[in-house]
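[1] okay, predicted coordinates and the sequence, questions at the end:
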Amino acid sequence: MGAGAGGLSLRGARLSPEERANSSKSRAIDRALSKDHTDDLNRFKILLLGTAESGKSTIFRQMRVLHLDGYAKEDALEYLSIIHSNCMEALTQLVEACSAFGILHDITVQEDVDRFEGFKKKLRDPEGLVIPVVIGRCMDRVWQSSSMQMCYETRRFRFALLDSAKFMDNIVRLTEDNYVPTIQDIVHCRISTTGINEIAFNHKKMDFKMVDVGGQRSERRKWIHCFDNVDMILFIVSMSDYDQLDPEDHKYNRMKQSYEIFKTIVHCDLFRHASIVLFLNKYDVFVEKLKTSPLRRSFKSYDGDNSEESARDFIKKLFRRCITDRHKFFVFETTATDTGNIDLVFGSAVAHIVNENLRSAGLHE
Ligand SMILES: Nc1nc2c(ncn2[C@@H]2O[C@H](COP(=O)(O)OP(=O)(O)OP(=O)(O)O)[C@@H](O)[C@H]2O)c(=O)[nH]1
Ligand SMILES: [Mg+2]
């Protein structure tokens, strides 16, 4: 089944709040640049790489939450219409799935589906989308219906569905008047990155610069502009991709694509001195998915059982094989939407690298 969102082009076609902030600040940044250039070179540069939807920007946002000042009310409000767009897209995908699977709704639920579709047709400005309270309630009734819940519970991994579809659990809160997105809402929302975003922060007395790029095919061409002076590649692979086809090229498995990109990056001579950190992300979804979708179905060479440990180790080994002796390499299982998990793992990755660097310099046992 296609990933179609019923003609809505609600994500990807516009600037994310990160990009808007970047471009409005760019003139001021230009002026300060000559002074900052030296400071910049002293910062530990982390480049986030990985395929689309692997979770790079989610980690980027977590850094802002953990190591900067988070999101003030006006910054949080920049995410409101994206969150509403995610809800529209998710419910559209769910309604389409019900009809593709031949799941029928009760008459009252069908009336609400029709009301939702009617609202969508009349939408003029997806950019500034705000779902009215009454439509939010109507969407909630569709989401809570037994037909929709059955479709979600039993088939959600069999059709394209936004990771942020769980917003539907909170659709009434999200569409209330005066709603302001919470940190949790912001890290769960989905908008594809179409530029290069940077933040600078301090952690454990070290200065960092983190660079976030887009993972879609057209965006990967821009990666090369960020390849100078990289201290650490933070490569994000989505563990839930193991049984997915690449949405941009259905010939390829999405995780195998990610593996090929990882291999190319690791072998790139520009990164011969960089540390490589691999996040096996969306681990929460991976564990859920394994219950119904065996790894062997997508990876014929896998001969283990369908336990989480065995499947995870196979994927870990696959990626590790790309690493050569010259690299410092660390791998972690992550759930990027979990702030506590990212705090722990990021801290640990940095500590490992610092220790390794001290050891290489003969300053550590
Ligand atoms: N359940 C779950 N969702 C996640 C996790 N990591 C990211 N997501 C969600 O996955 C979606 C995509 O994440 P992004 O951070 O936008 O992905 P990206 O790599 O920046 O994608 P591009 O910008 O297109 O390259 C978002 O809705 C996230 O909230 C995770 O570990 N678990
Ligand atoms: Mg992104």
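    Cool, got the structure. Ligands and ions are numbered 1, 2, ... in the order given.
[2] which parts of the protein are helices?
    17-42, 56-67, 73-77, 80-100, 107-122, 133-144, 146-155, 171-174, 183-188, 217-220, 254-267, 283-290, 308-320, 339-360 (DSSP state H).
[3] mean neighbour count for the ones you listed - can I get that in a markdown table?
    In this view, the C-beta of every residue, glycine as well, is placed from N, C-alpha and C. Listed next are these as a markdown table, based on neighbours: other C-beta atoms under 10 Å:
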| stretch | mean neighbour count |
| --- | --- |
| helix 17-42 | 12 |
| helix 56-67 | 22 |
| helix 73-77 | 13 |
| helix 80-100 | 22 |
| helix 107-122 | 14 |
| helix 133-144 | 19 |
| helix 146-155 | 15 |
| helix 171-174 | 19 |
| helix 183-188 | 20 |
| helix 217-220 | 14 |
| helix 254-267 | 18 |
| helix 283-290 | 19 |
| helix 308-320 | 16 |
| helix 339-360 | 16 |
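[4] in the chain, where is pLDDT below threshold?
    Of all residues in the chain, those with pLDDT under 70 make up the ranges 1-15, 21-41, 126, 361, 363-365.
[5] domain parsing for it?
    Following automatic domain parsing, one gets these domains for the chain: 44-71+193-359, 80-180.
[6] start to end distance for the last one?
    In this case it means domain 80-180. End-to-end span of domain 80-180 (C-alpha to C-alpha, to the nearest Å): 7 Å.
[7] how about that domain and ligand 2, any contact?
    No. Domain 80-180 does not reach ligand 2 (C-beta under 5 Å from the ion); its nearest approach is 12.1 Å.
[8] what distance do you get for Gln244 to ligand 1?
    13 Å (C-beta to the nearest ligand atom, to the nearest Å).
[9] ok so, going back, tell me which of the helices of the chain sits nearest to Leu162.
    Of all the helices of the chain, the one in closest proximity to Leu162, counting by C-beta to C-beta, is helix 80-100 (4.8 Å).
[10] for the closest one, name the packing helices and strands.
    If you count contacts as 3 or more C-beta pairs under 8 Å, 6 or more residues apart in numbering; DSSP states H and E, helix 80-100 packs onto helix 107-122, helix 133-144, helix 146-155, helix 171-174.
[11] what residues are up against Ser258?
    For Ser258, the contact set (C-beta atoms under 8 Å, 6 or more residues apart in numbering) comprises Gly50, Thr51, Ser54, Val237, Ser238, Asp241.
[12] could you do Asp249 as well?
    With C-beta under 8 Å, 6+ apart, Asp249 has these contacts: Arg217, Gln257.
[13] for it, give the beta-bridge partners.
    With DSSP bridges as the criterion, Asp249 is bridged to Asp246.
[14] how far away is it from Thr264?
    Noted for Asp249: a distance of 16 Å to Thr264, by C-beta to C-beta, to the nearest Å.
[15] could you do Lys256 as well?
    For Lys256, the distance to Thr264 - C-beta to C-beta - is 13 Å.
[16] and for those two, which residues touch both?
    With C-beta under 8 Å, 6+ apart, Lys256 and Thr264 have no common neighbours.
[17] picking that back up, now the helices and strands packed on helix 80-100 in TSV, with distance to ligand 1?
    Formatted as TSV, the helices and strands packed on helix 80-100 follow (distance: least, C-beta to the nearest ligand atom, whole Å):
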stretch	distance to ligand 1
helix 107-122	21
helix 133-144	17
helix 146-155	14
helix 171-174	14
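[18] how about the residues of the stretch 101-250 of the chain near ligand 1?
    Residues of the stretch 101-250 of the chain found near ligand 1, taking C-beta under 6 Å from any ligand atom as the criterion, are Asp163, Ser164, Val187, His188, Arg190, Ser192, Thr193, Gly214, Gly215, Gln216.
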